[in-house]
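**Student:** starting from these lines, generate the structure:
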Amino acid sequence: MGYARLLLHGLDTVQECFDLQPSPFLVDLLDNAQAAARAVQENLEGVVSLQLGGEHFNAHATGARGGFRWRLGNDDFLLLIGSPRRDWTVSCRYLSAGLWEHGLEALRRRAFNCLRPYTVQRDWDCIRVTRADYCFDFFSPAFSAEFRPGLSRAVVCHSSAKVQERGDAAANYTIWGRGGRGETLTIGSKSALQVEIYDKTLEIDEASGKTWLYRLWVCAADGEWIWQTHKPDHVWRLECRWSGEFLKNRNVRRPHELAARIPELLAESLYMRRLGVPNDNDATRWRWPVHPIWSEAIRQCAAPQMLPVGRMVTGRRKELIERAEASLAGNLRNLSVLSAGSYDEHVVLPLLRRTLIAIERDPKHDDKERAAQNRYAYVDEAS
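**Tutor:** Below is the predicted model:
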């Protein structure tokens, strides 16, 4: 295998802005859906189901940063819509699983098809790319052993680039890590160009739950189980994140321009924000050899992207059920201690009965049940 084995690479997130003007009918539809979502939960985390042009969405109780008044999402993409008085007020964020499952062009067609009956298209040239993330996933136990806080000295970048090696107080560096082991190294800012390498297997376990990636990794290994454990480990994601301003400065503003310039964008990103192999006899970092993972990613820049794959399932339902059960058990134990000073089953059983009665007597029970159904509608879908 060598130092690292490349498992997959491709676009992981793309956001585009559309020059579409929402119709008064759409504005009313969104306002009504948002009001219904707000009525579901006082903490404004409620959602209601909404259908646009054959696409099913969860309409959220709140909008989003950037001046977006409404927010609609499903397992493949997110629609962010601002005031109809603004130009370029509709934005679409294509999510990771949707991109791997269907591909960018198919998602864009779906987004336009669902918006077309409710918007006015101002011009044929109506799409601008505002963000794009491209990732490489490597299997590398060797990098796991190498990634320690001292790795920061191997970073090679312009002095203006912010390097985050969270957890370390050294100048310009912050590294996420525990027990002396690094987990995330970030170079640069999301407002321009950012390159990050992080433990993807750990991130799946602790945050995203994107276990559908396991299937892609096994397929990339030609069906071979390359790990020594019952689930994948030592998979490191090297990710390049390009802001709209960074892309605009390189005349990459439209979808076809992004598709054509990905190799050049990757080459620049991976060279300007990289790890090197330190040479104690040479104080000039730019002359240091490129780190093996960066070197392999750069070598792959001219390669075609991986083809979209079939539908993904997260397997997250079981995990959420187990988590909810553990939370319920903890709350019941706490209630018993508060009520009787210690855990007592004879105290807990009446508490459970009162809770069940309270659920059924809640005047908003039906609304809250529907909200829960909407919230978990895509729990088995990759996102």
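
**Student:** contacts, neighbours, all on C-alpha from now
**Tutor:** OK.

**Student:** how much space between L352 and N334?
**Tutor:** According to CA to CA, to the nearest Å, L352 and N334 sit 13 Å apart.

**Student:** tell me which of the two has more neighbours.
**Tutor:** Ranked by neighbour count (other CA atoms under 10 Å), L352 and N334 place N334 first, with 16 against 12.

**Student:** just give the nearest non-adjacent residue to that one, would you?
**Tutor:** Leaving aside its sequence neighbours, N334 sits nearest to Y343 (CA to CA, 6 or more residues apart in numbering; 7.9 Å).

**Student:** backbone phi and psi for that neighbour, please?
**Tutor:** The phi and psi values for Y343, taken as degrees, to the nearest 10, are phi -70, psi 130.

**Student:** quick check, pLDDT for it.
**Tutor:** The score at Y343 is 86. That number is its pLDDT.

**Student:** if I pick it, what's in contact with it?
**Tutor:** Contact analysis of Y343 by CA atoms under 8 Å, 6 or more residues apart in numbering lists R333, N334, S336, V337.

**Student:** cutoff 7 Å now
**Tutor:** Neighbour list for Y343: R333, S336, V337 [criterion: CA atoms under 7 Å, 6 or more residues apart in numbering].

**Student:** repeat for R5
**Tutor:** Neighbouring residues of R5 by CA under 7 Å, 6+ apart: F138, F139, S140.

**Student:** name the single longest helix found in the chain.
**Tutor:** Counting residues, the longest helix found in the chain (DSSP state H) is helix 316-340.

**Student:** with just CA atoms, put the helix or strand following that helix into CSV.
**Tutor:** Later in the chain than helix 316-340, the nearest helix or strand by DSSP states H and E is helix 345-361. The C-alpha trace of helix 345-361 is given here as CSV (Å, rounded to 0.1, in the frame of the first residue of the first chain):
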residue,chain,number,x,y,z
GLU,A,345,-38.6,1.5,40.4
HIS,A,346,-41.8,2.1,42.5
VAL,A,347,-41.2,5.9,42.1
VAL,A,348,-40.4,5.7,38.4
LEU,A,349,-43.4,3.7,37.2
PRO,A,350,-46.0,6.3,38.3
LEU,A,351,-43.7,9.0,36.7
LEU,A,352,-43.9,7.0,33.4
ARG,A,353,-47.7,6.7,33.6
ARG,A,354,-48.1,10.5,34.2
THR,A,355,-45.7,11.2,31.3
LEU,A,356,-47.8,9.0,28.9
ILE,A,357,-51.0,10.7,30.0
ALA,A,358,-49.4,14.2,29.6
ILE,A,359,-48.3,13.2,26.0
GLU,A,360,-51.8,12.2,25.0
ARG,A,361,-53.5,15.2,26.7
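
**Student:** other SSEs contacting whatever helix or strand comes next after helix 345-361?
**Tutor:** Sequence-wise, the next helix or strand downstream of helix 345-361 (DSSP H and E) is helix 365-375. The contact analysis (3 or more CA pairs under 7 Å, 6 or more residues apart in numbering; DSSP states H and E) places helix 365-375 against helix 24-40, strand 47-52.

**Student:** which of these sits most buried?
**Tutor:** The highest average neighbour count among the helices and strands packed on helix 365-375, using mean count of other CA atoms under 10 Å, belongs to strand 47-52 at a mean of 20.

**Student:** indicate each strand paired with it and its parallel or antiparallel sense.
**Tutor:** strand 55-60 (antiparallel) (DSSP bridges).

**Student:** got the CA positions of the partner strand in CSV?
**Tutor:** What follows is strand 55-60, C-alpha atoms only, in CSV (Å, rounded to 0.1, in the frame of the first residue of the first chain):
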residue,chain,number,x,y,z
GLU,A,55,-39.8,17.5,-4.4
HIS,A,56,-40.4,16.9,-0.7
PHE,A,57,-38.7,19.3,1.8
ASN,A,58,-38.7,20.0,5.5
ALA,A,59,-39.6,23.7,5.9
HIS,A,60,-37.7,25.1,8.9
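
**Student:** do me a favour and get the end-to-end distance for stretch 283-294?
**Tutor:** 20 Å.

**Student:** what's in contact with that stretch?
**Tutor:** Stretch 283-294 is contacted by residues Y3, A4, V156, L270, R274, L275, G276, V277, P278, N279 when judged by CA under 7 Å, 6+ apart.

**Student:** repeat the analysis, applying 10 Å as the threshold.
**Tutor:** With contact meaning CA atoms under 10 Å, 6 or more residues apart in numbering, stretch 283-294 is reached by 2-6, 136-140, 143, 153-158, 197, 236, 238, 267, 270-280, 282, 295-296, 298-300.

**Student:** list buried residues within those.
**Tutor:** Applying 16 or more other CA atoms under 10 Å to the contacts of stretch 283-294, the neighbour count classes 4-6, 136-140, 143, 154-157, 197, 236, 238, 267, 270-278, 295-296, 298, 300 as buried.
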